[in-house]
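Participant: next comes the sequence, and after it the predicted model I'd like to discuss.
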Amino acid sequence: MSIFRPSRREILSLAATAPALALPALAATKARAQTLGGPAAANPAHFRFQLGDVVLTVVSDGHLEVPANGLGVNADPAEVTAFLESYFLSTEVNYSHTNHLVIETGDATVLVDVGSGNRFQPTSGRLLDNLDSAGIDAGAITHVVITHAHPDHIWGIRDDFDEAIFPDAAYYIGGTERDFWLQDDLVNQVSTDMQQFVVGAVNSLNVDGAEWSLMNDGTEIVPGVRVIDTPGHTLGHMSVVIESGGKQLIALGDSMNHAWMSTARPEWVSGFDMDADQTVATRKRLLDMAAADRMAVLGYHFPFPGVGHIARDGDAYRFVPALWQW
């Protein structure tokens, strides 16, 4: 098993063709300008659309900036640089969005991941404000599904009093994922580069007010919403599948963490992928499934709103953003 881990410096710097799915906007909701370290701009921080009878809203937690040298760590750096330049992307900073999914179906409102709160980078932690902007009452969240326990997906689970931010919700995480982070004395068994991740995960999983239900492959959260095993990025990573009206969407979490690289170069992994070989195997399986079955995908770190399709492109694939419809 090949393990890739971020360096201490990197952690500290963290403070097919036309898509079959279009995104029809539903009733307008109030919008609010967001200031993410620059001039205020009235850009949307949420987008709502429909999949069959299910209402889906992508809600941003902000963005992250990490060193671009953490991309394609198992590839020739010159090839990675050339790839990024070909997509007009920075070769210094990997600027990535954080796209959370809210699933409204029947009497349930399911949130996928809880962001990083005020414990990670200053450009993230916008989830609660942006839920409000989207007209979604945080108190109405009935289920919270955690794809994996990395900082930008779970550290926002606690408020300033160290209590769960959604006290009335049912909380779900994969059993393998939970067991990994809660191993006895894990913090002293990992490299110093990983110790902050372990402490944050343990604190988040032990938060007051969250009673955890453990998931495994195929667990149904509510009718039409289930999880599948997608290990590699972390050993117990899971993705969420929504199905309604004969249509499907996969919320990928970080099983694919770069819209262009994870699809065109699925064999390239990032410094945050724990098991490189498993990451690649999982990614290729998901790409083949999404392309063959014409399933929509949502990438957590894809360009907002992160929804589209996967098309075959020779021996690889490409991400095709869904067409917005106003």
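Facilitator: Yes, it's here. Because the structure is a prediction, the values reported are computed rather than measured.
Participant: so which residues of the stretch 151-300 of the chain form strands?
Facilitator: 170-174, 212-215, 220-222, 225-229, 238-244, 247-251, 296-298 (DSSP state E, counting those that start in this stretch).
Participant: next: the stretch 1-150 of the chain.
Facilitator: Here the stretch 1-150 of the chain has its strands, by DSSP E, counting those that start in this stretch, at 22-24, 46-51, 54-67, 93-105, 108-112, 143-146.
Participant: not counting sequence-adjacent ones, nearest residue to Trp268?
Facilitator: With sequence-adjacent residues excluded and distances taken as C-beta to C-beta, 6 or more residues apart in numbering, Trp268 is closest to Gly72, at 4.0 Å. For glycine as for every other residue, the C-beta is placed from the backbone atoms N, C-alpha and C.
Participant: any low-confidence regions in the protein?
Facilitator: The chain contains residues with pLDDT under 70 at 1-42.
Participant: swap the cut-off to 50 and go again
Facilitator: For the chain, applying pLDDT under 50 flags the ranges 1-20, 24-40.
Participant: next, the angle from whichever helix in it runs longest to strand 225-229.
Facilitator: Determined from DSSP state H, the single longest helix within the chain is helix 276-293. Angle, helix 276-293 to strand 225-229, by axes from the mean of the first three to the mean of the last three C-alpha atoms, to 10 degrees: 140 degrees.
Participant: what's in contact with helix 276-293?
Facilitator: With contacts defined as C-beta atoms under 8 Å, 6 or more residues apart in numbering, helix 276-293 is touched by 1-4, 16, 74, 230-233, 235, 237, 239, 248, 250, 252, 255-256, 262-263, 266-267, 269, 273, 295-297, 309-312, 317.
Participant: let's see 6 Å
Facilitator: Identification of contacts with helix 276-293 by C-beta atoms under 6 Å, 6 or more residues apart in numbering yields 2, 4, 230-233, 255-256, 266-267, 269, 273, 297, 310, 312, 317.
Participant: mind listing what's buried in it?
Facilitator: Within helix 276-293, the residues that count as buried by 16 or more other C-beta atoms under 10 Å are 276, 278-280, 282-283, 286-287, 289-291.
Participant: what strand or helix carries Ser304?
Facilitator: I think there's a mix-up here, since residue 304 is Phe and not Ser. Assessed by DSSP states H and E, Phe304 sits outside every helix and strand.
Participant: now it: closest residue in space that isn't a chain neighbour?
Facilitator: His97 is the one closest to Phe304 (C-beta to C-beta, 6+ apart), at 4.6 Å.
Participant: ok, the one you found - how many residues close by?
Facilitator: Per other C-beta atoms under 10 Å, the neighbour tally for His97 reads 20.
Participant: now it: how far from Phe47?
Facilitator: Using C-beta to C-beta, to the nearest Å, His97 is found at 12 Å from Phe47.
Participant: mutual contacts of these two, please.
Facilitator: With C-beta under 6 Å, 6+ apart, His97 and Phe47 have no common neighbours.
Participant: who touches His301 in this structure?
Facilitator: Going by C-beta under 6 Å, 6+ apart, His301 touches 96, 257.
Participant: shouldn't it be within a helix?
Facilitator: No: going by DSSP: H, G, I helix; E, B strand; the rest coil, the assignment for His301 is coil, not a helix.
Participant: picking up where we left off before, and the longest helix of the chain, how far out from the chain's middle?
Facilitator: Helix 276-293 sits 16 Å away from the centroid of its parent chain (C-alpha atoms, centre = their mean, to the nearest Å).
Participant: could you give the angle of that helix to strand 238-244?
Facilitator: Using the same axes, to 10 degrees, helix 276-293 lies at 10 degrees relative to strand 238-244.
Participant: what about Arg318, which helix or strand?
Facilitator: Counting by DSSP H and E, Arg318 is part of strand 316-321.
Participant: please point out which parts of that strand sit buried.
Facilitator: 317-320.
Participant: now stretch 257-273
Facilitator: Judged by neighbour count using 16+ other C-beta under 10 Å, the buried positions of stretch 257-273 are 257-266, 268-273.
Participant: tell me which of those fall in helices.
Facilitator: 261-264.
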